[in-house]
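Predicted coordinates and the sequence they were generated for:
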2 protein chains.
Amino acid sequence: MENIGLIAGNGRFPFLVAEQLRHNGDRAVIVALNEETDRDIEKLADNITWLPLGKYQKLIDFFKANNVSKVIMAGQVKHANLFAGLSLDLRAIKLLGSLINKKTDSILGAVADDLKKEGLELLPSHIYLKHLLPAKGILAGPKLSSEEKKDIEFGHKLAKQIAGMDIGQTIVVKDKAVIAVESMEGTDECIKRAASLGKEHIIVIKVAKPDQDFRFDIPVVGIKTIEVMAQSKARAIAIDAGATLLIDKERAFETAQRNGITVIAL
Amino acid sequence: MENIGLIAGNGRFPFLVAEQLRHNGDRAVIVALNEETDRDIEKLADNITWLPLGKYQKLIDFFKANNVSKVIMAGQVKHANLFAGLSLDLRAIKLLGSLINKKTDSILGAVADDLKKEGLELLPSHIYLKHLLPAKGILAGPKLSSEEKKDIEFGHKLAKQIAGMDIGQTIVVKDKAVIAVESMEGTDECIKRAASLGKEHIIVIKVAKPDQDFRFDIPVVGIKTIEVMAQSKARAIAIDAGATLLIDKERAFETAQRNGITVIAL
């Protein structure tokens, strides 16, 4: 039995991590973020503190007070919140000030290095959730036409480049043209915009970075994205096999199947 | 005196071309697009035909019937229109069918090659408008802080890569993070989205491709973009010196100046 730290962002991802590590017989010591985390996370916590984003020293103090030496980050923190008059503590200011840019990997890489100095090791976020990483192949929905396969190939190459530039994980294509590129608005907003521009049968591609650091920012696809795609009459979503967390798999696949949406892992 | 063909898209760009070539003593033979071109273009035409997008053979026939051997494309054609149940003629279908993808350069490159076979040479779109291309330096608005300069440098590099992938011309950054990447929605929509995510003081970067083909798709910045920036309390716009058409320069600069928006050409 070990005390595992969990920095919980939004969505279902931190819930799955907490459930699984308790299932394994460990204790979940959770830092929940006022702006992001679902209140229900309390039920899965052996100890919990609520902090506003930016109170970085308090996060470290809480983990150390709870004899935590391993920490997992799970769940998105909306980048937009970083621009909404955030009140940073001195340690966060110092850390951000040391960055050459504020891309996700820069920020989180610096956080990981800094935590290490305090004896806090950041674990891969999917370490307890390997069963949610898909294998290659069509996971739900109808076969793809050869035109659709070509669109996916075309889009996947570009998406990897965009992700490698640390801009966003998602692009939407149709008929070998790029309709939308995700940056800070998030996947679902990007899909909605693409649908309003490209109409029905758009194809969504969501990828991990070429050299994905699994300690943070691993792509997640769940029921919500499939529902947005269904509302948009989207045609297919392609994800990276072994590098995308598929959340609410049964409901997501059932919704995809019912709406003629193909889910494919490459 | 020569008959110059003009394929007129939306906005002021085709008006400026038509004015200038008539000013030079040539005749403007205009193909206007039902979905795109401002009706007032009629006033500047020595001969004009209105066609729906996709009636490609008729465009060729009209130019040939008017003894045109040089053609200019000016003004955007909303990519979204390419997905709105367009009725293509046989020649357009054949041409599009021959493409390996439907990125702008692929489509227009194929059009240029095809026109050439008919004796129609596609000229650089800014051939009559060189006086609208800015020189390097701050063109309007206050000086930039060193942080803002770094943001522009950071964003310009990424924007060039995105443009080189033929995805879009514009990205919006703030505090060394990418807030929005333009694809099919266009510059102004991209700026509005970025403002809603990144709040005020965002920085817009609009670039030409690394190997810009000036026959098509040259970046244009006019009063509308500056007005959208003013509404968004944006901080600055960086453009490429010598490779961006600055339209309505006086009004654009005056609006920038009044709203504390810096316009800089790199």
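Arrived safely.

all contacts plus neighbour counts: C-alpha atoms, from now on.
Fine.

got the contact list for A:Glu254?
A:Ala140 (CA atoms under 8 Å, 6 or more residues apart in numbering or on different chains).

For A:Ala230, see how far away it is.
12 Å (CA to CA, to the nearest Å).

Could you do A:Gly242 as well?
24 Å.

cool, A:Ser145 as well?
Remark: distance between A:Ser145 and A:Ala230 (CA to CA) = 19 Å.

If you drop the residues flanking it in sequence, what lies closest to A:Lys143?
Closest residue in space to A:Lys143, ignoring its immediate chain neighbours: A:Thr262 at 7.1 Å, by CA to CA, 6 or more residues apart in numbering or on different chains.

The one you found: how many residues sit nearby?
23 (other CA atoms under 10 Å in any protein chain shown).

List phi and psi for it.
phi -90, psi 130 (degrees, to the nearest 10).

doesn't A:Leu139 make contact with it?
Yes. At 7.5 Å, A:Thr262 and A:Leu139 qualify as touching, with contact defined as CA atoms under 8 Å.

Around chain B, which positions in chain A sit nearby?
For chain A, the residues in contact with chain B (CA under 8 Å from any CA of the partner chain) are A:80, A:83-84, A:101-103, A:158, A:162, A:165, A:167, A:175-185, A:197-199.

now what about stretch A:54-66, what contacts it?
A:3, A:5, A:29, A:31, A:49, A:51, A:69, A:86-89, A:91-92, A:115, A:118.

which one among these gets closest to B:Gly97?
Minimum distance to B:Gly97 across these is 51.3 Å, recorded for A:Leu86 (CA to CA).

out of A:Gly242 and A:Ala230, which sits in the busier spot?
With neighbours defined as other CA under 10 Å, A:Gly242 and A:Ala230 compare such that A:Ala230 has more, 19 against 16.

Could you tell me whether that one really is in a strand?
No. Going by DSSP: H, G, I helix; E, B strand; the rest coil, the assignment for A:Ala230 is helix, not a strand.

show me where the stretch 1-150 of chain A has strands.
All strands of the stretch 1-150 of chain A, identified by DSSP state E, counting those that start in this stretch, fall at A:3-8, A:27-33, A:47-51, A:70-74, A:121-122, A:137-140.

tell me how far the fourth one is from the chain's mean position?
So that's strand A:70-74. Computed by CA atoms, centre = their mean, to the nearest Å, the chain-centroid distance of strand A:70-74 equals 13 Å.

and that strand, what does it pack onto?
strand A:3-8, helix A:13-23, strand A:121-122 (3 or more CA pairs under 8 Å, 6 or more residues apart in numbering or on different chains; DSSP states H and E).

Pick the most buried one from these.
Among those, strand A:3-8 has the highest mean neighbour count (mean count of other CA atoms under 10 Å in any protein chain shown), at a mean of 24.

Now that one: average pLDDT?
The predicted model assigns strand A:3-8 a mean pLDDT of 97.

For that strand, which helices and strands make contact with it?
Using 3+ CA pairs under 8 Å, 6+ apart, strand A:3-8 is in contact with helix A:13-23, strand A:27-33, strand A:70-74.

want to throw those into TSV with mean pLDDT?
Shown next, in TSV, are these (pLDDT from 0 to 100):
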stretch	mean pLDDT
helix A:13-23	96
strand A:27-33	97
strand A:70-74	96
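
low-scoring stretches of the stretch 51-200 of chain A, by residue?
Scanning the stretch 51-200 of chain A with the threshold set as pLDDT under 70 gives A:79-86.

thinking again about what came up before, could I have the buried ones of the residues of chain A next to chain B as PyMOL selection syntax?
The PyMOL command for the buried members of the residues of chain A next to chain B (criterion: 16 or more other CA atoms under 10 Å in any protein chain shown) is given here:
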select buried, chain A and resi 80+101+102+103+158+162+165+167+175+176+177+178+179+180+181+182+183+184+185+197+198+199
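
In strands, which of the residues of chain A next to chain B fall?
A:177-181 (DSSP state E).

Tell me the one among those residues nearest to B:Arg22.
Using CA to CA, these come closest to B:Arg22 at A:Ala177, 36.3 Å.

so how far is B:Asp38 from the closest one?
A:Ala177 is 26 Å from B:Asp38, by CA to CA.

domains of chain A?
What automatic domain parsing lists as the domains of chain A is A:3-122, A:133-265.

tell me how far the ends of the shortest one are from each other?
Its first and final residues considered, domain A:3-122 spans 13 Å by CA to CA.

now it, how far from the centre of its chain.
14 Å.

ok, now stretch A:157-168?
With CA atoms, centre = their mean, you get 15 Å for stretch A:157-168.

can you check stretch A:176-194 too?
Worked out by CA atoms, centre = their mean, stretch A:176-194 lies 16 Å from the chain centre.

ok, residues contacting that stretch?
Residues outside stretch A:176-194 that contact it (CA under 8 Å, 6+ apart) are A:78-80, A:150-151, A:154-155, A:167-173, A:197-198, A:202, A:204, A:224-225, A:228-229, A:232, B:101-103, B:167, B:178-185, B:197.
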